[in-house]
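# Sequence first, predicted coordinates after that:
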Amino acid sequence: KKRPRLVNSSLDSGVFSTSSPDNTLPRRRKEVTRRNSHELQKSNSSTSVESQTAIRPTHASLFSRRLSKLSTGHLYSQVLQPKFPKPLYFEVPQCHPSTLSGRQWLFHEMREHLSSHLPTNRGVILAGGPGVGKTACILAMVERSCFGGGKPSLIEEVPVSTSSSSIPPSSGENLSLVSSHVVAYHFCQADNAPTCLLPEFVHSISAQMSQAPQLSPYFQLLQSDQTIQARLSLASCNASPSQSLVTGILEPLNTLSSTGKIPASMCIIVVDGLCEAEQHRPDHGDTLASFIARHLQLFPSWLKIVCTVRSSMLHICRVMPFHQISLDNTEADERLNKDLSDYIACRIKVTAETQLSNKMKKNMATKLTRYLVSKACGSFLYVKQILDYIEKGFLVVKAGSFKVLPENLSEIYQLAFNLKFPSSESFNQVSAIFSISLASLQPINLHELFNIFSALFIKTEVGWKDFQERYHLISEFLVMRRDGSVMCFHPTLRDWLVRRREGESTKFLCDIHTGHEAIALSMIRQAKILK
């Protein structure tokens with residue numbers, strides 16, 4: 001028997017907290033990790049994630065990168081102290097491995113502008129709609145930085161014709177050159193609240209900067225100065241993020257630079273998803289975007305910012321004197337459409353044995369390319385989803401008619417859920433799982449999800465094995481991360497499950513209040529056990 005709905009709406013803001021792995025270096029789905037620090041903290045884990053999760057979906061492969069023993073990252077892991085700042089755990093969930101297609105011109109423009117003497121050379125803003133590849137660009141930069149090992153394992157080089165671009169064929173070097181300057185990175189995720197909060201941001205980037213080989217004097221300063229360590233502690237960062245940033249990072253960097261201990265060569269902090277952090281806007285004070293903008297004048301001139309934001313929320317960056325690069329202004333920039341066209345051509349070439357190219361004539365492929373490019377508005381996610389469904393046979397293009405194809409991401413998700421859940425009863429079996437995941441402010445693992453789900457019932461009606469089977473149905477939507485927690489594979493899916501535009505079907509909408517109710521009931525049950 002299911003518990004009745006709680007009347008008191010004050011519990012809607014209930015939070016279920018789950019801690020991130022206690023490692024010293026962050027990881028991500030397309031791997032940003034170092035084994036040294038992971039092994040160092042491995043003994044501190046009470047239980048392994050593998051023993052808690054009996055089911056794992058297929059993910060992109062994870063590459064472990066070990067830095068040189070002379071690097072500050074290795075030194076950091078060897079002399080780690082309890083008061084030393086520790087980076088946040090980052091991981092971008094993905095169902096399958098994906099590569100960055102095109103964008104050679106983007107990194108060329110970024111490198112040229114950041115190294116120029118223009119008044120906007122303090123940073124670059126990558127703006128675009130959902131799915132255009134903003135996060136993919138940041139991931140590529142981190143992958144080729146000191147944090148990812150500097151190897152191009154996840155970068156796909158697409159040939160560039162000399163007629164459409166003046167960038168040389170070896171333009172992949174632009175990405176490598178820009179990435180070699182990365183000294184810290186941060187991924188804001190709305191469904192992972194700590195990544196959107198100022199204290200955690202300051203604490204995390206200070207730890208990463210101390211690990212960057214370019215800033216080894218900063219690491220040595222932190223190691224020897226306990227006062228700065230205290231200023232960068234989470235307690236100090238919570239008390240005053242601004243003071244911690246200024247006295248713990250910016251002033252020491254300016255001092256080291258003025259004394260010649262740090263060469264005035266370009267260093268880059270990359271921040272993905274400033275718009276995601278806006279969903280955790282406090283009642284008073286700064287958001288992450290306004291916080292960076294307010295302190296920008298105190299940054300050393302050689303410390304640059306590369307950040308991403310959705311075009312619809314570009315106003316939050318209006319006070320940042322940065323160079324802006326649009327990734328969805330396809331009408332004015334033909335390079336965006338060319339990147340999409342190259343991606344489609346590459347997919348057709350790679351999948352030579354599938355329906356996409358085996359049964360489709362050349363002229364049909366050309367027409368399909370033009371149609372998808374016109375509908376995508378720069379969105380790689382839209383194009384990828386359409387091509388995936390054509391390859392799987394769920395969409396069949398006949399006689400040059402593309403009416404059967406979804407026209408936006410909302411229609412793609414509608415199609416995906418219709419295929420997965422033919423009846424409302426079948427969706428009802430998993431809707432509560434979605435609601436709990438959406439209501440939680442931090443990713444939770446499968447066992448925690450099961451315990452919260454069970455709290456909705458007076459008596460346990462769904463066993464662990466049955467719950468696993470239900471999760472398996474939606475594992476391509478709620479992706480299990482490396483730490484065993486689950487997250488929506490893309491922010492657009494999270495948005496689609498919670499709200500729809502006017503005129504769109506409300507089928508498959510999830511009631512987030514059910515998730516808050518389940519979390520509250522679970523916490524009440526835990527409180528009784530503690531007593």
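Here it is on my side, so go on. Residues are numbered from 1 along each chain as shown.

# What ranges in the stretch 401-531 of the chain fall below the confidence cut-off?
Along the stretch 401-531 of the chain, the parts satisfying pLDDT under 70 run over 527-531.

# Which SSE is immediately downstream of the longest strand anywhere in the chain?
Looking across the chain with DSSP state E, the single longest strand is strand 303-310. The helix or strand immediately downstream of strand 303-310 is strand 323-326, counting by DSSP states H and E.

# Check which helices and strands the next helix or strand after that next one is in contact with.
Note on strand 323-326: by DSSP H and E, the next helix or strand toward the C-terminus is helix 334-350. For helix 334-350, the packing partners by 3 or more C-beta pairs under 8 Å, 6 or more residues apart in numbering; DSSP states H and E come out as strand 100-101, helix 355-358, helix 362-376, helix 380-392. Every residue, glycine included, has its C-beta placed from N, CA and C.

# out of these, deepest packed?
strand 100-101 (a mean of 24; mean count of other C-beta atoms under 10 Å).

# Given that strand, what are its sheet partners and their directions?
Here strand 100-101 has these sheet partners by DSSP bridges: strand 155-156 (parallel).

# The partner strand: what's the following helix or strand?
Elements were assigned by DSSP H and E; along the chain past strand 155-156, the next helix or strand is helix 172-179.

# Quick check: pLDDT value at G148.
pLDDT recorded at G148 is 87.

# Surely it is in contact with V142?
Yes. Between G148 and V142 a contact is recorded at 5.4 Å, counting by C-beta atoms under 8 Å.

# Any idea which of the helices and strands packed on helix 334-350 has the lowest pLDDT on average?
Among those, helix 355-358 carries the lowest mean pLDDT (a mean of 50).

# Using the three-state scheme, assign the residue nearest the centre of the chain.
Geometric centre of the chain, nearest residue: V92, 4.2 Å, by C-alpha atoms, centre = their mean. Under DSSP: H, G, I helix; E, B strand; the rest coil, V92 falls in the coil class.

# I'd like the distance between it and V479.
Per C-beta to C-beta, to the nearest Å, V92 is found 10 Å from V479.

# How about I292?
29 Å.

# Same question for Y89.
Applying C-beta to C-beta to Y89 and V479 gives a distance of 16 Å.

# May I have the residues that are in contact with the nearest residue to S379 once chain neighbours are set aside?
Excluding its sequence neighbours, the residue lying closest to S379 (C-beta to C-beta, 6 or more residues apart in numbering) is G131, at 4.0 Å. By C-beta atoms under 8 Å, 6 or more residues apart in numbering, G131 lies in contact with 379-382, 409, 490, 492.

# ditto for Q429
R470.

# That one belongs to a strand, doesn't it?
No. Secondary structure of Q429 (three-state DSSP): helix, not part of a strand.

# What is the neighbour count of the residue lying closest to A293 once chain neighbours are set aside?
The spatial neighbour of A293 that comes closest, neighbours along the chain excluded (C-beta to C-beta, 6+ apart), is V319 at 4.5 Å. Each residue near V319 was counted by other C-beta atoms under 10 Å, and the total is 13.

# go on, R122?
Each residue near R122 was counted by other C-beta under 10 Å, and the total is 18.

# Now do it against G273, distance only.
Distance from R122 to G273, by C-beta to C-beta: 20 Å.

# now do S265
27 Å.

# More neighbours: which of these two?
Under the neighbour definition other C-beta under 10 Å, S265 and G273 were set side by side, and G273 has more, 25 against 9.

# ok, now how distant is that one from G148?
Look at G273 and G148: by C-beta to C-beta, they are 18 Å apart.

# SS state for C137?
Under three-state DSSP, C137 comes out as helix.

# Pull the number of nearby residues for it.
24.

# Hmm, it is touching Q104, no?
No. Using C-beta under 8 Å, C137 is not in contact with Q104, being 11.3 Å away.
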